[in-house]
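1. can't give you the sequence, but here's the structure:
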């Protein structure tokens, strides 16, 4: 059971006497409540289309993040008299780490601790590498300073609508072959975009945005508090 499922389980146990995780094994539903309500769970996050399928933005960026951290731990300066902070940013399409790793390595290995330029920026397609000189008192070497995904963010309500529709379509297709097993189906989304939204934003969302679906209930849960929900 992952973190999203544990949160939804706590939500369900406040409302039902009996809650079973994966009652039919590794197939839908994720939960069965009181032997009648089938519940599917998904994280509501930002997604991108990749090779015909949708992946979350954070999932797509993991290879770059992990690859950069690993490289900075292994690579060494000509001498280690000074530290450099290394960060990067990118847009879609994201380059594959194995394709840009040699280029990143070359840019970093070309640096010298005596260089006077405080900040250097290097670009390769949709990927940008930034290196800033660290304080002279800091131990020498390369230090990871984070990254920026320029495709993350955006207007929250619009992003929520787009990604809710992705989740609904994905989960509706997933339960198609088993839908007749149970009379009632809920889709519960753990909201990692709006984080539950405030009351005024919830009202604005309902006023401006309509989500077409055929689930008996479509519920968004604040990941910080399973008691805060918004039903669509």
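-> Sure, I can see it. Predicted model, so just to flag it, every value in this text is computed and none were measured.
2. rest of the way, CA atoms for contacts and neighbours
-> OK.
3. got the contact list for the helix or strand residue 205 falls within?
-> Following DSSP states H and E, one finds residue 205 within helix 199-208. The contact list for helix 199-208 (Cα atoms under 8 Å, 6 or more residues apart in numbering) reads 157, 230, 232.
4. Emit the PyMOL select command for whichever of these are buried.
-> The following PyMOL line selects those of those that are buried, judged by 16 or more other Cα atoms under 10 Å:
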select buried, resi 157+230
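5. ok, of the contacts of helix 199-208, which one's closest to residue 187?
-> residue 232 (10.4 Å; Cα to Cα).
6. Not counting its neighbours along the chain, what's nearest the closest one?
-> residue 218 (5.5 Å; Cα to Cα, 6 or more residues apart in numbering).
7. Could you measure from that neighbour over to residue 66?
-> According to Cα to Cα, to the nearest Å, residue 218 stands 35 Å off from residue 66.
8. before we move on, which element is residue 122 in?
-> Short version: residue 122 belongs to strand 119-124, going by DSSP H and E.
9. Which elements pack onto that strand?
-> Secondary structure elements in contact with strand 119-124, counted by 3 or more Cα pairs under 8 Å, 6 or more residues apart in numbering; DSSP states H and E, are strand 127-133.
10. Would you give the sheet partners of the strand holding residue 122, along with the direction of each?
-> Sheet pairing of strand 119-124 (DSSP bridges) gives strand 127-133 (antiparallel).
11. What mean pLDDT does the partner strand get?
-> On average, the pLDDT along strand 127-133 is 91.
12. repeat for stretch 144-159
-> Mean predicted lDDT for stretch 144-159 stands at 69.
13. do the same with stretch 96-115
-> 86.
14. got it, and stretch 70-85?
-> 74.
15. need the longest helix for the chain.
-> Longest among the helix segments of the chain by residue count, using DSSP state H, is helix 156-175.
16. Please, which helix or strand holds residue 24?
-> With DSSP H and E as criterion, residue 24 is part of no helix or strand.
17. Tell me the confidence at it?
-> On the pLDDT scale, residue 24 gets 96.
18. any idea how far residue 169 is from it?
-> 22 Å.
19. of residue 218 and residue 66, who's got more company?
-> residue 218 (20 against 11; other Cα atoms under 10 Å).
20. ok, now which ones touch that one?
-> By Cα under 8 Å, 6+ apart, the neighbours of residue 218 are 186, 187, 188, 189, 231, 232.
21. what do you get for residue 179?
-> Residue 179 neighbours (Cα under 8 Å, 6+ apart): residue 185.
22. if you go through this structure in chain order, where are the helices?
-> All helices of the chain, identified by DSSP H, fall at 3-13, 57-74, 97-109, 156-175, 199-208.
23. Hmm, residue 104 and residue 128 touching each other?
-> No. Taking Cα atoms under 8 Å as the definition, residue 128 is not a contact partner of residue 104, at 9.7 Å.
24. thought residue 20 was touching residue 32?
-> Yes. In this structure residue 20 lies within contact range of residue 32 using Cα under 8 Å: 5.2 Å.
25. These two - which one has more neighbours?
-> Higher neighbour count among residue 20 and residue 32: residue 32, with 25 against 17, using other Cα under 10 Å.
26. roughly how far apart are that one and residue 173?
-> 19 Å.
27. Now do the domain split for the chain, please.
-> Residue ranges for the domains of the chain, per automatic domain parsing: 3-46+154-231, 57-149.
28. which residues sit against stretch 18-29?
-> With Cα under 8 Å, 6+ apart, stretch 18-29 has contacts from 9, 12-13, 30-35, 38-40, 174-175, 178.
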